[in-house]
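Provide a 3D model corresponding to the input given below.
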Amino acid sequence: EQDIGYVANGDLDTAAVTAFVGGGSGYIVNWYDQSGSAYTASQSTAASQPLYVASGQNGKPVGRWDGANDYLQKTGLSLPQPNTIFVVGKLNLTDQDYLFVDGVTGGARNLLLSRTSGSVWSIFAGAEIQGGITNTSWHIHDGLFNTTSSNLRVDGNSIVSGNVGAYSLDGITVGIRGYDLGG
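The predicted structure is shown next:
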């Protein structure tokens with residue numbers, strides 16, 4: 001293992017990664033928080049670590065999760081609303097897909113998800129609001145969790161707004177639905 005940080009503009013230090021793993025792949029143990037808040041997501045179980053791929057998308061490095069048991073997690077935090085979650089992603093559109101699921105406990109969650117093979121989008125924090133858009137390629141999704149003034153946008157365009165409930169963000173799990181972990 002080797003800790004690899006970021007260059008001055010905030011990008012991953014890919015030169016340091018290449019020096020360590022070469023032009024191939026490696027596994028991600030820690031995804032360091034750059035905000036200064038120490039919200040680093042980690043995975044100590046080797047079989048559940050996502051793969052770092054040097055040329056994963058358009059020749060750029062990506063983290064690749066296996067869709068079964070790969071995840072990174074930050075526990076021990078509780079952030080009350082308002083919160084905004086940003087996700088760049090592409091869904092497989094075969095079933096219900098989750099862009100973001102917070103935390104490690106069941107029930108009281110913050111979610112960004114698609115239903116019905118990507119044609120209905122939802123944002124949830126105790127109550128769910130839905131909007132329609134077909135999403136078949138890479139997009140920037142952002143969800144503002146702010147009780148009655150919440151909003152879900154795709155590529156800057158509002159999809160739905162309203163009351164999503166008042167659940168706080170309870171930890172961060174990246175790569176697998178939190179309730180798949182037994183929470």
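
buried sites along stretch 73-91?
Using 16 or more other CB atoms under 10 Å as the test for burial, stretch 73-91 gives 73, 74, 79, 81, 83, 85, 91. From N, CA and C alone the C-beta is placed, and that goes for glycine too.

how about a markdown table for these, with distance to residue 27, pLDDT and secondary structure added?
Shown next, in a markdown table, are the buried residues of stretch 73-91 (distance: CB to CB, whole Å; pLDDT from 0 to 100; DSSP: H, G, I helix; E, B strand; the rest coil):
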| residue | distance to residue 27 | pLDDT | secondary structure |
| --- | --- | --- | --- |
| 73 | 15 | 88 | strand |
| 74 | 18 | 87 | strand |
| 79 | 28 | 84 | strand |
| 81 | 34 | 94 | coil |
| 83 | 29 | 90 | strand |
| 85 | 25 | 88 | strand |
| 91 | 24 | 65 | coil |
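
and those, which is closest to residue 125?
residue 81 (6.9 Å; CB to CB).

contacts only, for that closest one.
125, 145, 146, 147, 166, 167, 168, 169 (CB atoms under 8 Å, 6 or more residues apart in numbering).

my read: residue 155 touches residue 139, true?
Yes. If you go by CB atoms under 8 Å, residue 155 and residue 139 touch, sitting 5.3 Å apart.

burial count for the spatially closest residue to residue 32 that is not a sequence neighbour?
Spatially, and ignoring its direct neighbours in sequence, residue 32 is nearest to residue 40 (5.1 Å; CB to CB, 6 or more residues apart in numbering). Neighbours of residue 40 under the rule other CB atoms under 10 Å: 13.

likewise residue 4?
When counting by other CB under 10 Å, one arrives at 20 neighbours for residue 4.

how about residue 145?
So residue 145, with other CB under 10 Å, has 29 neighbours.

could you list which residues are in contact with it?
Counting by CB under 8 Å, 6+ apart, residue 145 touches 81, 82, 83, 84, 85, 110, 123, 125, 164, 169.

got the phi and psi for residue 76?
Main-chain torsions, residue 76, degrees, to the nearest 10: phi 80, psi 30.

isn't it right up against residue 171?
Yes. Counting by CB under 8 Å, residue 76 touches residue 171, with 7.0 Å between them.
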